[in-house]
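[1] Kindly return the folded structure for what I paste below:
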Amino acid sequence: MSKSISDLRREYSRESLDESAVARDPVEQFSKWFEEAMKSELPEPTAMALATAASGADGTVRPSARMVLLKGFDARGFVFYTNYQSRKGRELAANPWASLVFYWAELERQVRIEGRIDQAGAEESDAYYRTRPLGARIGAWASPQSEPISRTGLMARAAEMGLRHGLSPSRPPHWGGYRLAPDAFEFWQGRPNRLHDRIRYRLADGGWVIERLAP
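    Numbering: from 1, shown residues only. Prediction:
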(Lines give C-alpha, C1' and ligand atoms only; values in the text may rest on other atoms or scores of the structure.)
Protein backbone atom coordinates (compact mmCIF):
# COMPACT_ATOMS: atom_id res chain seq x y z
CA MET A 1 0.00 0.00 0.00
CA SER A 2 1.37 3.41 -0.90
CA LYS A 3 1.98 5.96 1.86
CA SER A 4 -0.75 8.33 2.87
CA ILE A 5 -0.09 11.94 2.01
CA SER A 6 -0.36 12.76 5.71
CA ASP A 7 2.57 10.41 6.39
CA LEU A 8 4.93 12.12 3.95
CA ARG A 9 7.56 14.06 5.89
CA ARG A 10 11.03 15.44 5.37
CA GLU A 11 13.43 16.51 8.08
CA TYR A 12 15.36 19.73 7.42
CA SER A 13 18.87 20.04 8.81
CA ARG A 14 21.24 21.51 6.21
CA GLU A 15 21.75 25.04 7.51
CA SER A 16 20.64 27.59 10.09
CA LEU A 17 19.86 31.29 9.83
CA ASP A 18 20.31 33.85 12.58
CA GLU A 19 19.23 37.48 12.57
CA SER A 20 22.62 38.52 13.95
CA ALA A 21 24.43 37.01 10.97
CA VAL A 22 22.30 38.09 8.00
CA ALA A 23 23.17 41.07 5.79
CA ARG A 24 21.71 44.38 6.94
CA ASP A 25 20.20 44.90 3.50
CA PRO A 26 17.69 42.25 2.28
CA VAL A 27 18.70 42.57 -1.39
CA GLU A 28 22.28 41.76 -0.37
CA GLN A 29 21.02 38.76 1.61
CA PHE A 30 18.91 37.65 -1.35
CA SER A 31 21.89 38.02 -3.68
CA LYS A 32 23.94 35.74 -1.43
CA TRP A 33 21.27 33.04 -1.37
CA PHE A 34 20.53 33.42 -5.08
CA GLU A 35 24.21 32.97 -5.94
CA GLU A 36 24.29 29.81 -3.83
CA ALA A 37 21.19 28.53 -5.63
CA MET A 38 22.84 29.20 -9.00
CA LYS A 39 26.08 27.47 -7.98
CA SER A 40 24.09 24.47 -6.76
CA GLU A 41 22.78 24.00 -10.32
CA LEU A 42 19.17 23.69 -9.23
CA PRO A 43 16.71 22.88 -12.05
CA GLU A 44 15.05 26.34 -12.10
CA PRO A 45 16.69 28.70 -9.60
CA THR A 46 15.00 31.74 -11.18
CA ALA A 47 11.47 30.29 -10.91
CA MET A 48 9.23 32.23 -8.55
CA ALA A 49 5.56 32.16 -7.67
CA LEU A 50 3.84 35.47 -8.35
CA ALA A 51 0.68 36.06 -6.32
CA THR A 52 -1.79 38.80 -7.24
CA ALA A 53 -5.25 39.66 -5.97
CA ALA A 54 -8.13 41.54 -7.55
CA SER A 55 -11.91 41.73 -7.31
CA GLY A 56 -13.83 39.11 -9.26
CA ALA A 57 -17.07 39.60 -11.17
CA ASP A 58 -19.02 39.04 -7.95
CA GLY A 59 -17.01 41.69 -6.09
CA THR A 60 -15.03 39.25 -3.95
CA VAL A 61 -11.25 39.68 -3.83
CA ARG A 62 -9.71 36.53 -5.25
CA PRO A 63 -6.00 35.73 -5.10
CA SER A 64 -4.26 33.92 -7.95
CA ALA A 65 -0.74 32.59 -8.30
CA ARG A 66 1.48 31.30 -11.07
CA MET A 67 5.17 30.61 -11.74
CA VAL A 68 7.22 33.21 -13.61
CA LEU A 69 10.95 33.61 -14.13
CA LEU A 70 13.13 36.24 -12.50
CA LYS A 71 15.03 38.18 -15.17
CA GLY A 72 16.91 40.69 -13.03
CA PHE A 73 17.10 42.27 -9.61
CA ASP A 74 18.87 45.14 -7.89
CA ALA A 75 18.12 47.75 -5.24
CA ARG A 76 15.13 48.96 -7.31
CA GLY A 77 13.38 45.59 -7.26
CA PHE A 78 12.73 42.26 -8.98
CA VAL A 79 11.93 42.05 -12.70
CA PHE A 80 9.91 39.61 -14.79
CA TYR A 81 8.32 39.85 -18.24
CA THR A 82 4.87 38.96 -19.51
CA ASN A 83 1.86 40.03 -21.56
CA TYR A 84 0.30 43.15 -20.03
CA GLN A 85 -3.13 41.95 -21.19
CA SER A 86 -2.86 38.58 -19.42
CA ARG A 87 -4.81 37.78 -16.27
CA LYS A 88 -1.89 38.81 -14.07
CA GLY A 89 -1.48 41.99 -16.09
CA ARG A 90 -5.13 42.89 -15.63
CA GLU A 91 -4.98 42.11 -11.93
CA LEU A 92 -1.86 44.21 -11.46
CA ALA A 93 -3.53 47.09 -13.26
CA ALA A 94 -6.40 46.87 -10.75
CA ASN A 95 -4.20 46.22 -7.70
CA PRO A 96 -0.42 46.74 -8.00
CA TRP A 97 0.40 45.06 -4.67
CA ALA A 98 1.76 41.54 -5.06
CA SER A 99 4.17 38.99 -3.66
CA LEU A 100 6.87 36.62 -4.90
CA VAL A 101 8.02 33.28 -3.47
CA PHE A 102 11.22 31.44 -4.35
CA TYR A 103 11.45 27.83 -3.17
CA TRP A 104 14.82 26.09 -3.41
CA ALA A 105 13.94 22.65 -2.04
CA GLU A 106 17.43 21.21 -2.38
CA LEU A 107 18.78 23.99 -0.15
CA GLU A 108 15.79 23.78 2.22
CA ARG A 109 15.13 27.47 1.66
CA GLN A 110 12.43 29.82 0.55
CA VAL A 111 12.24 33.58 0.16
CA ARG A 112 9.05 35.63 0.27
CA ILE A 113 9.06 39.17 -1.13
CA GLU A 114 6.17 41.64 -0.96
CA GLY A 115 5.72 45.05 -2.50
CA ARG A 116 4.28 47.20 -5.23
CA ILE A 117 4.64 46.27 -8.90
CA ASP A 118 4.93 48.76 -11.75
CA GLN A 119 5.76 48.34 -15.41
CA ALA A 120 9.44 48.53 -16.31
CA GLY A 121 10.55 51.24 -18.73
CA ALA A 122 10.13 50.77 -22.48
CA GLU A 123 13.88 50.84 -23.14
CA GLU A 124 14.50 48.17 -20.53
CA SER A 125 11.75 45.96 -21.98
CA ASP A 126 13.04 46.53 -25.52
CA ALA A 127 16.56 45.53 -24.48
CA TYR A 128 15.40 42.30 -22.87
CA TYR A 129 13.04 41.44 -25.74
CA ARG A 130 15.95 41.57 -28.18
CA THR A 131 17.79 38.89 -26.16
CA ARG A 132 14.96 36.35 -26.54
CA PRO A 133 15.13 33.60 -29.17
CA LEU A 134 13.27 34.47 -32.37
CA GLY A 135 10.54 31.92 -31.66
CA ALA A 136 9.85 33.46 -28.26
CA ARG A 137 9.74 36.95 -29.77
CA ILE A 138 7.19 35.79 -32.35
CA GLY A 139 5.31 33.97 -29.60
CA ALA A 140 4.83 37.24 -27.72
CA TRP A 141 2.97 38.56 -30.76
CA ALA A 142 1.04 35.35 -31.37
CA SER A 143 -0.33 34.53 -27.92
CA PRO A 144 -3.44 36.33 -26.59
CA GLN A 145 -2.30 35.24 -23.16
CA SER A 146 -4.95 33.91 -20.74
CA GLU A 147 -7.66 33.92 -23.45
CA PRO A 148 -9.32 30.68 -24.68
CA ILE A 149 -7.68 29.33 -27.84
CA SER A 150 -7.17 26.02 -29.63
CA ARG A 151 -3.68 24.64 -30.26
CA THR A 152 -4.40 24.78 -34.00
CA GLY A 153 -5.43 28.42 -33.67
CA LEU A 154 -2.31 29.27 -31.68
CA MET A 155 -0.02 27.60 -34.22
CA ALA A 156 -1.79 29.43 -37.03
CA ARG A 157 -1.32 32.76 -35.26
CA ALA A 158 2.38 31.99 -34.70
CA ALA A 159 2.84 31.23 -38.40
CA GLU A 160 0.98 34.40 -39.38
CA MET A 161 3.03 36.57 -37.01
CA GLY A 162 6.25 34.97 -38.19
CA LEU A 163 5.45 35.95 -41.76
CA ARG A 164 4.28 39.40 -40.76
CA HIS A 165 7.23 40.37 -38.54
CA GLY A 166 10.10 38.46 -40.15
CA LEU A 167 13.46 37.91 -38.52
CA SER A 168 13.63 41.17 -36.55
CA PRO A 169 10.29 41.68 -34.82
CA SER A 170 9.88 44.73 -32.61
CA ARG A 171 8.54 44.30 -29.10
CA PRO A 172 4.74 44.10 -28.97
CA PRO A 173 3.25 47.12 -27.17
CA HIS A 174 1.23 44.74 -24.98
CA TRP A 175 4.30 42.83 -23.75
CA GLY A 176 7.08 43.92 -21.42
CA GLY A 177 8.55 43.99 -17.95
CA TYR A 178 7.25 44.47 -14.45
CA ARG A 179 9.32 45.39 -11.40
CA LEU A 180 8.31 44.60 -7.83
CA ALA A 181 9.72 47.23 -5.44
CA PRO A 182 9.92 45.37 -2.12
CA ASP A 183 8.83 46.61 1.27
CA ALA A 184 9.06 43.23 3.03
CA PHE A 185 11.20 40.09 2.77
CA GLU A 186 11.14 36.80 4.63
CA PHE A 187 14.05 34.34 4.48
CA TRP A 188 13.08 30.81 5.56
CA GLN A 189 15.61 28.10 6.37
CA GLY A 190 14.31 24.63 7.17
CA ARG A 191 15.30 23.30 10.60
CA PRO A 192 14.77 20.05 12.54
CA ASN A 193 11.47 19.39 14.33
CA ARG A 194 9.76 22.08 12.24
CA LEU A 195 11.48 24.79 14.31
CA HIS A 196 12.38 26.63 11.14
CA ASP A 197 14.37 29.84 10.99
CA ARG A 198 12.29 32.75 9.67
CA ILE A 199 13.97 36.14 9.38
CA ARG A 200 11.81 39.04 8.24
CA TYR A 201 12.90 42.42 6.91
CA ARG A 202 10.25 45.14 6.87
CA LEU A 203 10.64 48.66 5.63
CA ALA A 204 10.01 51.30 8.33
CA ASP A 205 10.95 55.00 8.30
CA GLY A 206 13.17 54.50 5.26
CA GLY A 207 15.21 51.67 6.81
CA TRP A 208 14.99 47.91 7.21
CA VAL A 209 13.89 46.37 10.50
CA ILE A 210 15.11 42.79 10.98
CA GLU A 211 13.23 40.39 13.22
CA ARG A 212 12.74 36.69 13.83
CA LEU A 213 9.31 35.14 13.33
CA ALA A 214 8.00 32.03 15.08
CA PRO A 215 7.92 29.02 12.73
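[2] hey, let's count contacts and neighbours off CA atoms from now on
    Will do.
[3] Is Ala184 within a helix or a strand, and which one?
    According to DSSP states H and E, Ala184 maps onto strand 175-189.
[4] what residues are up against Glu19?
    199, 210-212 (CA atoms under 8 Å, 6 or more residues apart in numbering).
[5] let's see it at 10 Å
    Counting by CA atoms under 10 Å, 6 or more residues apart in numbering, Glu19 touches 197-201, 210-212.
[6] Among those, which ones are in strands?
    Among these, the members found in strands (DSSP state E) are 197-201, 210-212.
[7] Would you mind putting those residues into TSV with distance to Tyr128, neighbour count and pLDDT alongside?
    Shown next, in TSV, are the ones in strands among the contacts of Glu19 (distance: CA to CA, whole Å; neighbours: other CA atoms under 10 Å; pLDDT from 0 to 100):
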residue	distance to Tyr128	neighbour count	pLDDT
Asp197	36	23	98
Arg198	34	22	98
Ile199	33	21	98
Arg200	31	21	98
Tyr201	30	22	98
Ile210	34	21	98
Glu211	36	14	98
Arg212	37	15	98
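[8] what secondary structure does the residue positioned nearest the centre of the chain sit in?
    Geometric centre of the chain, nearest residue: Met48, 3.7 Å, by CA atoms, centre = their mean. Using DSSP: H, G, I helix; E, B strand; the rest coil, the three-state assignment for Met48 comes out as strand.
[9] Name the nearest residue to it, sequence neighbours excluded.
    Distances taken as CA to CA, 6 or more residues apart in numbering place Phe102 nearest to Met48, at 4.7 Å, with adjacent residues excluded.
[10] give me the number of residues near the one you found?
    Counted with other CA atoms under 10 Å, the neighbours of Phe102 add up to 20.
[11] For the protein, just list every one of the strands.
    47-55, 61-69, 72-74, 77-83, 97-104, 109-119, 175-189, 197-204, 207-212.
[12] I'd like to know which of these is closest to Ser168.
    Closest approach to Ser168 among these is made by strand 175-189 (15.9 Å; CA to CA).
[13] quick one: stretch 41-56 to chain centroid distance?
    Put simply, stretch 41-56 sits 4 Å off its chain's centre (CA atoms, centre = their mean, to the nearest Å).
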